[in-house]
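Peer 1: turn this into a model:
(2 chains)
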There are 2 protein chains.
Amino acid sequence: MRVQLSDRAVNIPYSPIRKLLPFEVEATKRGTKIYKLNIGQPDIETPAPFFKALGNDLPEVLGYGPSQGIPEFRKAVSDYYRSLDIPFEPDEIMATIGGSEALFFAFLSVANPGDEIIVFEPFYTNYSGFAVYAGINLVPYTLKPENGFHLPARSEIERLITPSTKAILSCSPNNPTGTVFSVEEMQILASIANDNNLFIISDEVYREFSYSGEIPPSIMSQQSVWDRAIVIDSISKRYSACGARIGNLATKNKDIYDAVLRFGQARLCPATAEQMGAVTLYEMNHEYFDTVRKEYSIRRDAIYEGLMKIPNVVCQKPSGAFYIMAQLPIDDGDSFAKWLLTDFSFEGETVMVSPGAGFYATPGMGKQEIRLAYVLEEEKCTRAMELLAIAVEKYRTEVMK
Amino acid sequence: MRVQLSDRAVNIPYSPIRKLLPFEVEATKRGTKIYKLNIGQPDIETPAPFFKALGNDLPEVLGYGPSQGIPEFRKAVSDYYRSLDIPFEPDEIMATIGGSEALFFAFLSVANPGDEIIVFEPFYTNYSGFAVYAGINLVPYTLKPENGFHLPARSEIERLITPSTKAILSCSPNNPTGTVFSVEEMQILASIANDNNLFIISDEVYREFSYSGEIPPSIMSQQSVWDRAIVIDSISKRYSACGARIGNLATKNKDIYDAVLRFGQARLCPATAEQMGAVTLYEMNHEYFDTVRKEYSIRRDAIYEGLMKIPNVVCQKPSGAFYIMAQLPIDDGDSFAKWLLTDFSFEGETVMVSPGAGFYATPGMGKQEIRLAYVLEEEKCTRAMELLAIAVEKYRTEVMK
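Peer 2: Residues are numbered from 1 along each chain as shown, chains lettered A, B, ... in the order given. As a prediction, the model looks like this:
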């Protein structure tokens, strides 16, 4: 008799971003050069102090650390927040294993199995994975590319609220759309949460990646929701340290903090060395971000201008993060993204993109869309968009016909 | 209106091991010297190659690694297993964030919310936390100190099986009892699993800590369950690297491996640097373990002999891990463990222990028991047991009377 897996084990999908990996491997073996715009993996070097901390400052016995993170890390993150007028104390900050774990703990803390959390789609695909971990249902509100993926009137969102709704999950600057919510949009979220007694989970890991010259508003700009806001954060993108797996949750709600601490005790602690490394990053001068922002801004322009040269592309110039969702004149983003790796190449080169459907919870949505992460240098971005233009034309005439 | 937490957030307990922390802090402030036998935090130095790897061999961009772990790590773990005649290939090994995450992913993969997993109590307290994460129920079979915490006849265990039972969770060498299951006991587990179509989750993180001179049998000694066995492992205790948060899951069941990979994709990857460090540890000569084992064996004897001098203590000399569960002539281990920190001291010294009840799922069990982790040098263990003897006497005459 064959032993049977759980339903959730059968149902949890492959990461739509990572499932193209085998085709990438094959294409690379064939000698094809691939411009990888499929994953939010910056090419910016991790700042040197991080590595220095890992090499030098460790105790002889690398023991368990505190479940909420080492005090130095929580103080450094608090200082960072205060420099941005986000008033979190060290004891309101919980170190987590990436933003990933912060999201999972937030889900566990606000919702029981079967409960609902409202989320704006398209959204970061791994939200779905954490929803499976926690057994909760993500209820999507679909934002529109022609509207720049901004929020609708509050009544539109409130239509989704049921007795099972426990929280709204928002991400600004947004992965995958690049949209930055305004203060007015934060006010909309706050008033919905207050009037319907919901938590707000605010994913702000892309805070520094805003190209308007202004710092994007945090949910903490809304004092009326200080007791119902849970901020998700991470050093992965901020300091190009994805492989460190250090993030944090921050909340002024003491009950939530206490629950998250208890959830955290089960898994003992985040890695000690990486927290020490993260301290050195948070202690860096903020001018670091100016340099990084300028670089991404140039890349964004290159990607956007390249996309605009492709006929029948629908997208808006993103104002934050390092992603763009673009609607292409294709039938199916999944087939197209795979075809780019298996069948297409031009002068020995191709481009790797993320299919759009994986960023939607609503079946059928996003089929014509792709997400691009502009994590390569300007000329590579420009070249990648030239390849994409050729590929779209070829796909339309040879595959879709 | 006050926003409400989830039931699981309200209900998840503080770690019974970690909840004494505030009293420890206070005692330390008063200048009391504390022999900390409460937590499985070895004092053995983390081997130097680990730190060297962290300091040297990192890429300039610390990017995401593969969700299943870097190839070098999976190969090193496979080689380690093969050296012990445990036949796991690299592609049967999934790197995880400590043994903690391996357990969580195993729970998610075999059971749906509300399903049951049979576990032998007393058990590692954090199993309860992962059960809350996954929404599953741990159904305990109570092992007896007078029986050396060994398994009963299989019919006794099978009595607990219901249609909701999906797996048996076993840990050998055991935390908290120190018991090592024999090949015959592994056969019992295997036959129960086969006859009742269950998975076996086998926590083998203490594999090297066996004082009989023989390597403790792995569940993989039972070829009949190769397709239903999930092995949990970690470098935390093996190499005194608790703060690295590197573990692994290993299974020959391809469906489970595939599900765990998909669960793993949601959280992206374990820390890259620590995996590189772990490779250097797994590449070390096995003679390292001989030294460590000898050291722990001496400590075990010191603790056991010390305990035997206390009247009315019930315990058996543990044959593995670095823990001992001892039944003391006290009314309540929770009160006693707290009292040791808040009220007791002898010549300015006291001892910190873990209350036994937290290691049981059955209410009321383990109240007279404590768990000691012999993670200090011999003379410190001896002194700690002298203090414990004095404390028990004082507690009985001054508090319990």
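Peer 1: going by C-alpha atoms from here, please, whenever you check contacts or count neighbours.
Peer 2: Fine.
Peer 1: what about the helices in the stretch 101-250 of chain A?
Peer 2: Along the stretch 101-250 of chain A, counting by DSSP state H, counting those that start in this stretch, helices occupy A:126-134, A:154-158, A:183-196.
Peer 1: pick the most deeply packed of those.
Peer 2: helix A:126-134 (a mean of 23; mean count of other CA atoms under 10 Å in any protein chain shown).
Peer 1: can you report how many residues neighbour residue A:291?
Peer 2: 11 (other CA atoms under 10 Å in any protein chain shown).
Peer 1: pretty sure it is in a helix, no?
Peer 2: Yes - Residue A:291: assigned to a helix according to DSSP: H, G, I helix; E, B strand; the rest coil.
Peer 1: re the thing from before, out of the helices of the stretch 101-250 of chain A, nearest to residue A:80?
Peer 2: Nearest to residue A:80 among the helices of the stretch 101-250 of chain A is helix A:183-196 (20.6 Å), distances taken as CA to CA.
Peer 1: tally of neighbours for residue A:48?
Peer 2: By the criterion of other CA under 10 Å, residue A:48 has 12 neighbours.
Peer 1: any residues touching stretch A:336-346, and which ones?
Peer 2: Residues outside stretch A:336-346 that contact it (CA atoms under 8 Å, 6 or more residues apart in numbering or on different chains): A:20, A:23-24, A:26-27, A:32, A:330, A:350-355, A:387, A:391, A:395.
Peer 1: what residues of that stretch count as buried?
Peer 2: A:336-341, A:344-345 (16 or more other CA atoms under 10 Å in any protein chain shown).
Peer 1: which parts of the stretch 101-250 of chain A sit against chain B?
Peer 2: Residues of the stretch 101-250 of chain A found near chain B, taking CA under 8 Å from any CA of the partner chain as the criterion, are A:101, A:108-113, A:126-127, A:129-130, A:133-135, A:197-199, A:228, A:240-245.
Peer 1: now which of those would you call buried?
Peer 2: A:101, A:108-113, A:126-127, A:129-130, A:133-135, A:197-199, A:228, A:240-245.
Peer 1: with distance to residue B:51 added, can I get the helices of the stretch 101-250 of chain A in JSON lines?
Peer 2: Below are these laid out as JSON lines (distance: least, CA to CA, whole Å):
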{"stretch": "helix A:126-134", "distance to residue B:51": "32"}
{"stretch": "helix A:154-158", "distance to residue B:51": "51"}
{"stretch": "helix A:183-196", "distance to residue B:51": "45"}
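Peer 1: for residue B:299, find the nearest of the ones you listed.
Peer 2: Checked against CA to CA, the stretch from the helices of the stretch 101-250 of chain A lying closest is helix A:126-134, at 40.6 Å.
Peer 1: so for that closest one, what's the average pLDDT?
Peer 2: Across helix A:126-134, pLDDT averages out at 94.
Peer 1: list the contacts for the nearest residue to residue A:188 once chain neighbours are set aside?
Peer 2: Once flanking residues are discounted, residue A:188 sits nearest to residue A:154: 6.2 Å by CA to CA, 6 or more residues apart in numbering or on different chains. By CA under 8 Å, 6+ apart, residue A:154 lies in contact with A:188-189, A:192.
Peer 1: got CSV for the buried residues of stretch A:336-346, with pLDDT, distance to residue A:221 and secondary structure too?
Peer 2: As requested, these are arranged in CSV below (pLDDT from 0 to 100; distance: CA to CA, whole Å; DSSP: H, G, I helix; E, B strand; the rest coil):
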residue, pLDDT, distance to residue A:221, secondary structure
A:336, 97, 41, helix
A:337, 97, 39, helix
A:338, 96, 42, helix
A:339, 98, 45, helix
A:340, 98, 43, helix
A:341, 97, 44, helix
A:344, 97, 47, coil
A:345, 97, 48, coil
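Peer 1: return the member of these nearest to residue A:181.
Peer 2: Checking the buried residues of stretch A:336-346 against residue A:181 with CA to CA, the nearest one is residue A:337 at 29.1 Å.
Peer 1: could you chop chain A up by domain?
Peer 2: Here the domain parsing of chain A from automatic domain parsing is A:7-45+A:288-398, A:48-282.
Peer 1: which SS class is the residue in the stretch 1-150 of chain A positioned nearest to chain B?
Peer 2: Nearest to chain B in the stretch 1-150 of chain A, going by CA to the nearest CA, is residue A:55, at a distance of 3.5 Å. Put simply, residue A:55 is helix when judged by three-state DSSP.
Peer 1: from what I can see it touches residue B:57, true?
Peer 2: No - with contact defined as CA atoms under 8 Å, residue A:55 does not count as touching residue B:57 (9.9 Å).
Peer 1: now render the domains of chain A as CSV, adding distance to residue B:168.
Peer 2: Listed next are these as CSV, based on distance: least, CA to CA, whole Å:
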stretch, distance to residue B:168
domain A:7-45+A:288-398, 18
domain A:48-282, 20
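Peer 1: and the ones you listed: which comes nearest residue B:290?
Peer 2: Comparing these under CA to CA, the one sitting nearest is domain A:48-282, at 18.9 Å.
Peer 1: for the stretch 51-200 of chain A, what spans make up the strands?
Peer 2: Taking DSSP state E, counting those that start in this stretch, the strands of the stretch 51-200 of chain A run over residues A:93-96, A:116-121, A:137-142, A:165-171, A:199-203.
Peer 1: just to revisit the earlier point, wait, which of the contacts of residue A:154 is closest to chain B?
Peer 2: Using CA to the nearest CA, the contacts of residue A:154 come closest to chain B at residue A:192, 12.9 Å.
Peer 1: show me what contacts the spatially closest residue to residue A:58 that is not a sequence neighbour?
Peer 2: The shortest distance from residue A:58 to any non-neighbouring residue, by CA to CA, 6+ apart, is to residue A:273 (6.6 Å). Counting by CA under 8 Å, 6+ apart, residue A:273 makes contact with A:53-54, A:58, B:243-244.
Peer 1: alright, calling it a day.
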